[in-house]
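[1] The following comprises the amino acid sequence and a computationally predicted model.
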Amino acid sequence: MLLRILHTNDLHSRFENFARVVTKIKEIRTENTLVLDAGDFNDFSRIELQGTAGKAGCSLLKLGGYDAIAVGNNEGFSGKETIEAMTSTGLITFLSSNLYKNNIESIEGLKRSIIIERAGLKILIIGTTPQFNEFFILDNMYATDPLEEINREIEENNGKYDMCILLSHQGIKEDLIIAEKVKGADIIIGGHSHTLMEDASIVNGVIIHQSGSYGEYLGVIDVEIEDNLLKSYKAQNIKLDGVFQDEEILDELLKQKEIAITNLSIPLYKVDRDIWHDVIEENPITNLLADGLRAVMPCDIGIINSGVINGGIKKGNVSKKKLLEISPSPLNPTYMEIKGSDIKEALRQSLQADFCLQDGKGSGFRGRYLGRLHISGAVIEHDGKNILRVMLDNGEMEDERVYRVATSDYLQRGTGYTSLANNTNVKYNAEYMRDTLEEYLKHVDYVDKCFKDRWIKI
């Protein structure tokens, strides 16, 4: 008998591509088919997810005929309450054997594993989540060692299943290690590393397969079963270019978007002037964000790049919808300590327009350009090419002195501005950049001072 496993990973809310995935699923599935996702299906930069607490993604997976999904880091970054909102829908089974509350209690509705009967087999499916605990602990969650949890789950289900599939959001390097060390797994369907595999790998008798990212491919593993044993397999990734979008998915996406817009469009407050944005030039809304970060995490200075904001705010009502549109990146206010020389090197690079216009891609980034650095708590004197001096409230910035800086985890990692990675004593705040904007846009004094230039050409 043939068991067909169809799988995706790291879709990152490319729901228009998902409509093509579902067209192909409907075309090639049989009665003996499992449909699985290995995590990061949901990326909460999408308005449909933000405005429905992730329920829109659950609805789409249900319509696509999915049996289960692993909780990836992006589902985890949405927070415990959102995970529980998604699991409570009953539309799709969320799996993670190693994600808990901080006190190692279970997250409501989140399953460690599930047994599904298909093709005459009882199939144990176990999910895992990567250990991004520096962020998970900000929202009362903690990810334990996935290897230990997988072994525990296999042992506790001993004798209850015929085949074991791991939905692993660990990345291909970790999957290779898991295959070597876990006894009792038959197939690992991977995610997180966005690896596109022409064929499956076999490690320690375990089939490992992954299907790239963004819904550009549909993974297929056909397993030949004889006497409840896996006899042979064939794996491939089907490229979905030119495949029509499923109308049912497009209709549901439109429906969920309308719900989300209604929920997010409620006015929060008003601003009394236009607060504009620019990628290359110093602008007030990025200045305001720098000031807000310094207020959230009191420091010597605040530094943020204009690329994390996509646009300005017009005079009038401010809503969560608008804040999500201009600040979609799931980046956290971050405290770090760093030498003045490293700060000044980054500021020097920021004088170059072509440097600011480079692709801002990096972990958590949902914009386009890297953008110019903006500062709070200092004035930067320059000649257009070089930083002449940086004046803080208590004097000129010194190269060898260590300064306390409020920034984002994006810049703290040295993304784009590599010298900023030379930091220590890092701490993260639970909220996102748009939450900081939401808080400080309503303060008239912050709006007033964000129009005061901090970059002064001499």
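    Here it is on my side, so go on. Quantities reported herein were computed from a predicted structural model and do not represent experimental measurements. Numbering: from 1, shown residues only.

[2] Same question for the helix of greatest length in the chain: list its buried residues.
    Scanning the chain for the helix with the most residues, using DSSP state H, yields helix 247-264. If you call a residue buried by 16 or more other C-beta atoms under 10 Å, then helix 247-264 has these buried ones: 249, 252, 253, 256, 257, 260, 264. No exception for glycine: its C-beta is placed from N, CA and C like everyone else's.

[3] For the first one, give me its contacts.
    It stands for residue 249. For residue 249, the contacting residues are 15, 18, 19, 22, 60, 63, 64, by C-beta atoms under 8 Å, 6 or more residues apart in numbering.

[4] Show me which of these is closest to residue 279.
    The shortest distance between residue 279 and any of those, using C-beta to C-beta, involves residue 15 and amounts to 27.1 Å.

[5] I'd guessed the closest one sits against residue 45; true?
    No: no contact is recorded between residue 15 and residue 45 when judged using C-beta atoms under 8 Å, the distance being 11.8 Å.

[6] These two: which is more packed in?
    The residue with more neighbours, out of residue 15 and residue 45 and counting by other C-beta atoms under 10 Å, is residue 15; that gives 26 against 20.

[7] which ones are touching the nearest residue to that one once chain neighbours are set aside?
    Counting by C-beta to C-beta, 6 or more residues apart in numbering, the nearest residue to residue 15 once its immediate chain neighbours are dropped is residue 253, at 5.4 Å. Residues touching residue 253, when contacts are defined by C-beta under 8 Å, 6+ apart, comprise 15, 16, 19, 48, 56, 60.

[8] I'd like these written out as CSV, with secondary structure added.
    As requested, those are exported to CSV (DSSP: H, G, I helix; E, B strand; the rest coil):
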residue, secondary structure
15, helix
16, helix
19, helix
48, helix
56, helix
60, helix
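
[9] I only care about those that end up buried; give me the ChimeraX line for that.
    Applying 16+ other C-beta under 10 Å to those, the buried members can be selected in ChimeraX as follows:
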select :15,19,48,56,60
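
[10] Identify each buried residue in the very next helix or strand once past the longest helix of the chain, please.
    Where DSSP states H and E defines the elements, the next helix or strand beyond helix 247-264 is strand 267-271. For strand 267-271, burial by neighbour count (16+ other C-beta under 10 Å) applies to residue 271.

[11] mind listing the strands for the stretch 1-150 of the chain?
    Using DSSP state E, counting those that start in this stretch, the strands of the stretch 1-150 of the chain run over 2-8, 33-37, 68-70, 93-95, 99-101, 113-118, 121-128, 141-143.

[12] Out of the ones you listed, which one sits most buried?
    Most buried of those, by mean neighbour count (mean count of other C-beta atoms under 10 Å): strand 68-70, with a mean of 28.

[13] Who does it pair with, and is each partner parallel or antiparallel?
    Sheet pairing for strand 68-70, assigned by DSSP bridges, gives strand 33-37 (parallel), strand 93-95 (parallel).

[14] pLDDT (mean, whole number) over the last one?
    Averaged across strand 93-95, pLDDT comes to 98.

[15] So what touches it?
    With contacts defined as C-beta under 8 Å, 6+ apart, strand 93-95 is touched by 67-71, 75, 83, 86-87, 109-114, 125-127, 167.

[16] Please repeat the previous calculation with a cut-off of 7 Å.
    Here strand 93-95 makes contact (C-beta atoms under 7 Å, 6 or more residues apart in numbering) with 67-71, 86-87, 110-111, 113-114, 125-127, 167.

[17] what about the stretch 251-400 of the chain, any weak spots by pLDDT?
    Of all residues in the stretch 251-400 of the chain, none has pLDDT under 70.

[18] show me where it has helices.
    In order along the chain, the stretch 251-400 of the chain carries the following helices (DSSP state H, counting those that start in this stretch): 284-296, 320-326, 340-349, 353-356.

[19] Could you export those helices as JSON lines, including distance to residue 138?
    What follows is the helices of the stretch 251-400 of the chain, written out as JSON lines (distance: least, C-beta to C-beta, whole Å):
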{"stretch": "helix 284-296", "distance to residue 138": "13"}
{"stretch": "helix 320-326", "distance to residue 138": "20"}
{"stretch": "helix 340-349", "distance to residue 138": "25"}
{"stretch": "helix 353-356", "distance to residue 138": "30"}
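
[20] Pick the most buried one from these.
    With a mean of 25, the top stretch among those by mean neighbour count (mean count of other C-beta under 10 Å) is helix 284-296.

[21] counting contacts, what elements does that helix pack onto?
    Based on contacts counted as 3 or more C-beta pairs under 7 Å, 6 or more residues apart in numbering; DSSP states H and E, the elements that helix 284-296 packs against are strand 301-305, strand 373-376, strand 402-408, helix 433-440, helix 444-449.

[22] Out of the ones you listed, which is the most enclosed?
    Sorting those by mean neighbours (by mean count of other C-beta under 10 Å), the first place falls to strand 301-305, with a mean of 28.

[23] For the one residue sitting closest to the centre of the chain, give me its contacts.
    In the chain, the C-alpha closest to the average C-alpha coordinate belongs to residue 74, at a distance of 3.7 Å (C-alpha atoms, centre = their mean). For residue 74, the contact set (C-beta under 7 Å, 6+ apart) comprises 12, 40, 42, 43.

[24] Would you format the residues you listed as CSV with distance to residue 210 included?
    Listed next are the contacts of residue 74 as CSV, based on distance: C-beta to C-beta, whole Å:
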residue, distance to residue 210
12, 15
40, 12
42, 18
43, 18
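
[25] any idea which of those is the one closest to residue 241?
    Once C-beta to C-beta is applied, the member of the contacts of residue 74 that ends up nearest residue 241 is residue 12, at 18.1 Å.

[26] The residue nearest to the centre of the chain and residue 435: what is the separation?
    As judged by C-beta to C-beta, to the nearest Å, residue 74 and residue 435 stand 17 Å apart.

[27] and the contacts of residue 74, which two are the farthest apart?
    The most widely separated members of the contacts of residue 74 are 12 and 42, with 8.3 Å between them, by C-beta to C-beta.

[28] Who has more neighbours out of those two?
    Higher neighbour count among residue 12 and residue 42: residue 42, with 29 against 20, using other C-beta under 10 Å.

[29] What's the local residue count around residue 138?
    Number of residues near residue 138 (other C-beta under 10 Å) recorded here: 17.

[30] Kindly report the same for residue 280.
    Neighbour number of residue 280 under other C-beta under 10 Å is 16.

[31] That'll do, ta.
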